[in-house]
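>>> make a model of this:
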Amino acid sequence: MEQNTLEAAFERQLDTLGKALESTIDDWRQAEEGKRDELREQIGKLEASIEEVKSNLAEESRAHLPGVEVAVDGERDAFSLGRACRAIASKNFSNAPYEQEVFSNMSAKAMSEGTGSAGGFVVPEEAILNVIEKLKARVVAFELGAMDMACTGIPCVIPRISTAASASWVSENAPITASDLAFEQISLSPKTAAARVVLSNLLLETSNPAADRIIEEDMSSQLGLAVDAASLNGGGSGEPTGVIATGGVGSVSGVAASSKIDGIDKLIDFEQDLQNADAFAGALGWAVHPSVLGAIREMTTNFAGASVGLSNQVISEGFAQTILGHPYATTTSLTAIFAGGATSATNSMIFGNWNDLLIARWGGLRLLASNTSDDAFSKDQTHIRGTIRVDVGLRHVESFTFSA
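Numbers count the residues shown, from 1 in each chain. Got it, this is the predicted structure:
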């Protein structure tokens, strides 16, 4: 897999912590005796954080099962969700030896890591890249630049700088006032999202590639929509805490009035919110409900005495793909504007630096199948349940604002 997830994040953290350690050691060398004890304690904390990140990097390198092939239609030696589900439901792996080997290896690995095996047969991510990529395609946060993190430890702890060092002006021969870095941690723990797919036994037994595609499409769609909703809103029972539900995130009120977005100044307020917090940088973009996008496209502004559309439109190409110069993505996981007839856009829009949104995932897909549960036996069906474990966190709450 590409090194674009947790390993890359840990590498960046090591670089940041290393520079902070060097700077603090320099301060210690120049500090007066009374200040050295405080700086020595800060150095100890930095060294401990660096060791923790190094340990997490080593663990991440062992996080995936080697030798697992990406499932390709028609290849008997690649992992097949259809064969796996049929074998799990019938408790007979005679026609699924490779799938049995994968499950056995994952079970042995979990035991060696001191992790319980409850929750189903674990399918490693390498075996179901199709499902993972389709799932991520349903999550607008990923489209806008959120960080996808493949985690192993529980909890997954990410150190971050909460207060940066600052420079100051000094008079000649006057002592320099020390300003120490302050650190805190983001602690992410797995929450479980579940999806359920129902297939006829005839389809499962006689059309393996088609069955695989149906399982992939249905499961990735259901799980992707769940992660999308949690990353943007969240905060409910058993859910991750998403952007809107995170304390300290900015907000813009009075966005809508008289069944319209209340002027371009309201859109500019979103930008201003981040600028005031010195957070107007990174992968800036909008997540909006489709009804909000429609309202924005209908907005007009006066130009040379004439009313012109706010959004550029070229007949052959359609509307511009940005809002105030920033990319957008639409999702029904946010609230429809004017829902229930009210002139409100509450929870309809989010603007922010999406690089600061972390979406952590533990393991691959946990799979269970049964041809006897509920009414599956009487209807000659197999019910398939897939679960993933995910959590969401913000590196900086000031990087986001939403319509309140």
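
>>> the closest residue in space to residue 278 that isn't next to it in sequence and residue 201: what is the separation?
Excluding the flanking residues, the one nearest residue 278 by Cβ to Cβ, 6 or more residues apart in numbering is residue 398, at 7.6 Å. Yep, even glycine has a C-beta here, placed from its N, CA and C like the rest. Taking Cβ to Cβ, to the nearest Å as the measure, residue 398 falls 54 Å from residue 201.

>>> which SS class is residue 143?
helix (DSSP: H, G, I helix; E, B strand; the rest coil).

>>> tell me the contacts of the nearest residue to it once chain neighbours are set aside?
Nearest non-adjacent residue to residue 143, counting by Cβ to Cβ, 6+ apart: residue 329, 4.7 Å away. With contact set as Cβ atoms under 8 Å, 6 or more residues apart in numbering, residue 329 has these partners: 140, 143-144, 285-288.

>>> narrow those residues to those in helices?
140, 143-144 (DSSP state H).

>>> among residue 398 and residue 201, which residue is more densely surrounded?
residue 398 (19 against 16; other Cβ atoms under 10 Å).

>>> surely that one is in contact with residue 246?
No - Residue 398 is not in contact with residue 246 according to Cβ atoms under 8 Å; the separation is 10.9 Å.

>>> and the gap between residue 325 and residue 286?
Counting by Cβ to Cβ - residue 325 and residue 286 are separated by 11 Å.

>>> and those two? which has more neighbours close in?
Legend: neighbour count by other Cβ under 10 Å for residue 325 and residue 286, higher for residue 286 (24 against 8).

>>> for the more buried one, list each beta-bridge partner.
residue 328, residue 351 (DSSP bridges).

>>> elements contacting the helix or strand harbouring residue 184?
Take DSSP states H and E as the rule and residue 184 turns out to sit in strand 182-188. For strand 182-188, the elements it packs on are helix 33-61, strand 156-163, strand 357-370, strand 381-394, judged by 3 or more Cβ pairs under 8 Å, 6 or more residues apart in numbering; DSSP states H and E.

>>> give me that answer again for 6 Å
strand 156-163, strand 381-394 (3 or more Cβ pairs under 6 Å, 6 or more residues apart in numbering; DSSP states H and E).

>>> which of the ones you listed is buried the deepest?
For these, the largest average neighbour count (mean count of other Cβ atoms under 10 Å) is found in strand 381-394, namely a mean of 23.

>>> contacts for that one?
When contacts are defined by Cβ atoms under 6 Å, 6 or more residues apart in numbering, strand 381-394 is touched by residues 85, 89, 186, 188-201, 204, 219, 223, 227, 231, 240, 242, 246, 356, 358-362, 365-371, 373, 376.

>>> state the mean pLDDT of whichever helix or strand comes after that strand.
Where DSSP H and E defines the elements, the next helix or strand beyond strand 381-394 is strand 400-403. For strand 400-403, the mean pLDDT works out to 97.
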